[in-house]
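1. have a look at this prediction, sequence included:
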Amino acid sequence: MSTIRLTMAQALLKFLDQQYICVDGVETKFVRGVFGIFGHGNVTGLGEALERSAGSLVYLQGKNEQGMVHAATAFAKQKNRKQIFACTTSIGPGALNMVTAAATATVNRIPVLLLPGDNFASRQPDPVLQQLEVPGDYTVSATDPFKPVSKYWDRIVRPEQLMSAALQAMRVLTDPAETGAVTLALPQDVQAEAYDYPEEFFAKRVHYVDRKPPAPSALERAAELIAGKRKPLLIAGGGVLYAEATEELRQFAEAFGIPVAETQAGKSSLPWNHALNVGAVGVTGALAANLIAKDADLIIGVGTRYSDFTTSSKTAFAGPDVAFVNLNVSGFDSAKLSGAALTCDAKAGLEALRGALAARQYRSGYADGEIAALKARWDAEVDRLYGLECAEGLAQTRALGVIQESLAPSDVVVCAAGSLPGDLHRLWRPAEPKTYHMEYGFSCMGYEVSGAFGAALADPHRDVYAVVGDGSYLMLHSDLVTSLQEGRKITVLLFDNHGFQCIHNLQRGHGSDGFGNEFRYREQTTGRLTGSYMPIDFAAHARSLGAKAYKAATAEELREALREAKRESVTTLIEISVVPGTNTDGYESWWNVGVPEVSVSDKVLAANQALKNKLQTARPY
């Protein structure tokens, strides 16, 4: 057997550079490159390998470990999971900074390869700088917290272990049912140790993603169930987009006259103005979709994991005889809500189910004009909110309306946390697939700027906009610098509403008077954060980093700033002053959050009683 002598780090890069994925006969190089922040746990191992033997892998310099994983996640999400970045860090705090982002990737079913440095496998110099010591179990290190947030985890304590670990990592990363964060912990001494690797280990390897068809018996059960229902509702989840099944979704809906509602991950599966698109569903849902969901006798979930926001904490589907057909590539998700499980690829499943229903000459039982009337009613409400004037200043929904009319249909909006995801889910009108990029599986504050950079890397021919609140921006914005460094323009639309207003609204809606969520000065008399708002110049901050920046406090100023931002060739930030509390709410939605059973406040006790009353209508599992 022919061999080649390499360090473990060199061998890992050489292996990654030869991985390909094949979907529908089209091969794509799977690993685009490596994000990294170097420290003593990886700079002389993987860092040296990246410097001198990276092959065609590109290296991108991170500025924050969590941020670079968010960027890698957004890149893979925008690429429909056909291409990824790996991320390398030092040991200790550098590694631990990736844990939150690892969970974000895993919750969203997005592949990302994490390569944190680890303690010395030899233990000769222990404890080294930044080493976490657990006296009761010396095998535990700072990379162990990655176990619950990774779909596959391994620690490479001998250089030859890399071969089996790397193959297992690729198995998970390329499996649409199992994918998420994969962590290979790399002890810093082992990274530099050499081994005679078989040359065949570095041969081109193609990972075939075969579209899994539904089992014939499961297909018959699902078709028979649907055939007996009159008012079905399709719910399009992220799996529709990842499977590139948007056309099959449209054909299915049109063939049987079934309205389509969208989750956050599934939004843009169908153009907003399609006659059967009734909008967002659930806690942040549109009135049309939520009214139809309330009366539906069947829910056909395609590629959705049925989060509490999609189901309104299991109160959205209130029909007495409502049933579920769950079409999902993951058996874990297709089994939810005690539904009839179709564990299969979204595209293959929709095609097969369409054939089975056509053979039964099925058609939904909605009355003529019923869906159109609800859709028209909701479209008029969106128009009203987009044009809403507020005496105190610029309303958040008005700002979104100006942005909507200013952006091109091919432009991408990226968001993740705060009140903006709710407004975007309800109000945004995407006309093309993959133009709505929402991370709402984990709703991780700080994703937006890094995510926009990752989306711009993945789709350089589109303009990408990070839609972010001031609270989320303050948490993590450092990849604004990376976007400038790499010459990948993004436009940051920063909504300044003086704090964490989404949670402030949630708090006050459940009996609180408001506590700890606004960016105010501390008052000496009360000892609380109830003073005046803090004046933060976000535009000046962006300029100090090298970006262009504008400010807008009116609709016309925003419109002009968007025009100017389009003309800029580098990353640009627009600071938008909006009135707190001018986001959307309601529309037949509800969310279950814990409310105290004991309180000195009558308002809190009343909110607790309202919670108990609502829970009586919720599905128990």
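-> Looks like it arrived, so ask away. Model, not experiment: these values are computed from the prediction.

2. host element of the nearest residue to residue 108 once chain neighbours are set aside?
-> Among residues not flanking residue 108 along the chain, residue 441 sits closest, at 3.9 Å (CB to CB, 6 or more residues apart in numbering). For glycine as for every other residue, the C-beta is placed from the backbone atoms N, C-alpha and C. Under DSSP states H and E, no helix or strand contains residue 441.

3. quick one: contacts for residue 441?
-> For residue 441, the contact set (CB atoms under 8 Å, 6 or more residues apart in numbering) comprises 104, 107-109, 265, 305, 307.

4. distance check, it against residue 246.
-> From residue 441 over to residue 246 the distance is 20 Å, taken as CB to CB, to the nearest Å.

5. and the longest helix for the protein?
-> Ranked by residue count, the top helix of the chain under DSSP state H comes out as helix 370-386.

6. what's the burial count for residue 368?
-> Residue 368 has 7 neighbouring residues, counting by other CB atoms under 10 Å.

7. ok, back up a step: and the contacts of residue 441, which is closest to residue 29?
-> residue 109 (21.3 Å; CB to CB).

8. just the element for the closest one, please.
-> Using DSSP H and E, residue 109 falls outside every helix and strand.

9. quick check: residue 28 touching residue 19?
-> No. With contact defined as CB atoms under 8 Å, residue 28 does not count as touching residue 19 (10.0 Å).

10. between those two, which is the more surrounded one?
-> Between residue 28 and residue 19, counted using other CB under 10 Å, the more crowded position is residue 19 (19 against 14).

11. quick one: what helix or strand has the residue nearest to residue 585 when sequence neighbours are not counted in it?
-> Leaving aside its chain neighbours, residue 585 sits nearest to residue 505 (7.2 Å; criterion: CB to CB, 6+ apart). Assigned by DSSP H and E, residue 505 belongs to helix 501-508.

12. and residue 235, that one's in a strand?
-> Yes. Assessed with DSSP: H, G, I helix; E, B strand; the rest coil, residue 235 lies in a strand.

13. look up how far residue 220 lies from it.
-> 22 Å.

14. likewise residue 74?
-> 40 Å.

15. between the two, which one's more packed in?
-> A direct count of neighbours by other CB under 10 Å for residue 74 and residue 220 places residue 74 higher, at 34 against 12.

16. next, the more buried one: phi, psi?
-> Residue 74 adopts backbone torsions of phi -60, psi -40, taken as degrees, to the nearest 10.

17. do the same with residue 548
-> Backbone torsions of residue 548, given as degrees, to the nearest 10, read phi -80, psi 150.

18. do the same with residue 315
-> Main-chain torsions, residue 315, degrees, to the nearest 10: phi -120, psi -10.

19. got the contact list for it?
-> For residue 315, counting by CB under 8 Å, 6+ apart, the contacting residues are 590, 592, 614, 617-619.

20. so what's it closest to, chain neighbours aside?
-> Among residues not flanking residue 315 along the chain, residue 618 sits closest, at 4.8 Å (CB to CB, 6+ apart).

21. quick one: contacts for the one you found?
-> Taking CB under 8 Å, 6+ apart, we find residue 618 in contact with 313-315, 592.

22. which other helices and strands contact the helix or strand harbouring residue 68?
-> Using DSSP H and E, residue 68 sits in helix 65-78. On a contact count with 3 or more CB pairs under 8 Å, 6 or more residues apart in numbering; DSSP states H and E, helix 65-78 meets strand 31-36, strand 84-89, helix 99-107, strand 112-118, strand 436-438, helix 447-458, helix 479-486.

23. okay if I get these as a markdown table plus mean pLDDT, mean neighbour count and distance to residue 429?
-> Formatted as a markdown table, the helices and strands packed on helix 65-78 follow (pLDDT from 0 to 100; neighbours: other CB atoms under 10 Å; distance: least, CB to CB, whole Å):
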| stretch | mean pLDDT | mean neighbour count | distance to residue 429 |
| --- | --- | --- | --- |
| strand 31-36 | 98 | 24 | 31 |
| strand 84-89 | 98 | 29 | 30 |
| helix 99-107 | 98 | 25 | 26 |
| strand 112-118 | 98 | 29 | 30 |
| strand 436-438 | 98 | 27 | 9 |
| helix 447-458 | 98 | 31 | 19 |
| helix 479-486 | 98 | 22 | 26 |
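
24. OK, contacts around the nearest residue to residue 142 once chain neighbours are set aside?
-> Leaving out its chain neighbours, the residue that sits closest to residue 142 by CB to CB, 6+ apart is residue 132, at 4.5 Å. For residue 132, the contacting residues are 92, 140-142, by CB under 8 Å, 6+ apart.
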